[in-house]
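Asks: Here is a sequence together with a model predicted from it:
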Amino acid sequence: MRPDKKQITDEVWDEARIRGFLDKAPLGADEDPDYSALLYAYRSMRPDDFAVFVDMFVAAGRDLEARGRLGQTLAETIADHRHGAPFREILAARRAG
């Protein structure tokens, strides 16, 4: 982290802020909006906040199996991410439920 940047911890993620990720613009013209929203949320949220987001995402009728332009779902994209395990577990639980 740059020395002039202050690290933020224990940031508050209320329902409105989490819900706002449903309306994020796609990462590009050729990117699936559902995949983009999931990727944005994964990159920005802690696991507990991501779980709330995924529940909202599914309730809105969005697709957890959406694929990015490389043909991967979010679960596949983060399969080997060092800190991705709790996020993969959330996705797997919602797909199974």
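Replies: Here it is on my side, so go on.
Asks: what's around F50, how many residues?
Replies: Neighbours of F50 under the rule other Cβ atoms under 10 Å: 23. For the C-beta atoms, the positions are set from N, CA and C on the backbone; glycine is no exception.
Asks: if I look at it, how far off is A29?
Replies: Noted for F50: a distance of 26 Å to A29, by Cβ to Cβ, to the nearest Å.
Asks: Check D48 too.
Replies: Applying Cβ to Cβ to D48 and A29 gives a distance of 33 Å.
Asks: Tell me which stretches of the protein form strands.
Replies: Counting by DSSP state E, one finds no strands in the chain.
Asks: Residue ranges in this structure under the pLDDT threshold?
Replies: 1-10, 97 (pLDDT under 70).
Asks: same thing but at 90, please
Replies: Within the chain, the ranges that satisfy pLDDT under 90 run 1-13, 25-30, 95-97.
Asks: What ranges does it have for its helices?
Replies: 15-19, 33-44, 47-59, 74-77, 85-96 (DSSP state H).
Asks: Packed most tightly, which of the ones you listed would that be?
Replies: Across the helices of the chain, the average number of neighbours (mean count of other Cβ atoms under 10 Å) peaks for helix 33-44, which reaches a mean of 20.
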